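Q: compute the structure for the input listed below.
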Amino acid sequence: MVGIVIVSHSRTLAEGAAELARAMGLGKAVVKAAGGGPDGDLGTSPDLVERAVAAADSGDGVLVLADLGSSVLTAKLVIEDFDGQAVLADAPLVEGAVAAASSAATGANLADVRAAAESAHDLRKR
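A: Numbers count the residues shown, from 1 in each chain. Prediction:
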């Protein structure tokens, strides 16, 4: 199953979004949070992101969602080391995570899970 990682400057935000996404994925989707700096303060830790991606990877790939700025840059840097097994979605954090978890729970592949997350842009416009 495709895993999902939520990267945010805030540990609380990442964990809350992950909790919601897991619920929407009916508990089937593997959703990991990678929020905050290494000491729990605001920031983004490449080590936390790397560990979350590795923990979410069951062999079917990992979709990464990031909130803004340096968390996006950190996510991009980290996923380079995963040789295409991890990709970054261009999606709103919460809506994208929920859509991705719902899609992953059905057994969709990485490309389809990413497309579901990225389609959340369209849902916001309605």
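Q: pLDDT weak spots in the chain?
A: 123-126 (pLDDT under 70).
Q: where exactly do the strands run in it?
A: Counting by DSSP state E, the chain has strands at residues 3-8, 31-35, 62-66, 86-88.
Q: pipe the ones you listed into TSV and attach distance to Leu42 and mean neighbour count per row.
A: Just so you know, the C-beta spots here come from the backbone N, C-alpha and C atoms, and that holds for glycine as well. Formatted as TSV, these follow (distance: least, C-beta to C-beta, whole Å; neighbours: other C-beta atoms under 10 Å):
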stretch	distance to Leu42	mean neighbour count
strand 3-8	9	30
strand 31-35	9	27
strand 62-66	14	29
strand 86-88	21	20
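Q: which of the ones you listed sits closest to Arg51?
A: strand 31-35 (7.5 Å; C-beta to C-beta).
Q: and that closest one, C-alpha only, in CSV?
A: In CSV, the C-alpha atoms belonging to strand 31-35 read as follows (Å, rounded to 0.1, in the frame of the first residue of the first chain):
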residue,chain,number,x,y,z
VAL,A,31,0.1,8.0,7.3
LYS,A,32,3.2,9.4,9.1
ALA,A,33,3.7,12.9,10.5
ALA,A,34,7.1,14.7,10.2
GLY,A,35,6.5,18.0,11.9
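Q: how about the strands of the chain, which one is nearest Ala120?
A: Ranking the strands of the chain by proximity to Ala120 (C-beta to C-beta) places strand 62-66 first, at 9.6 Å.
Q: what's that closest one packed up against?
A: Under the contact definition 3 or more C-beta pairs under 8 Å, 6 or more residues apart in numbering; DSSP states H and E, strand 62-66 sits against strand 3-8, helix 46-56, helix 70-79, strand 86-88, helix 93-105, helix 110-118.
Q: this completes my enquiry, with thanks.
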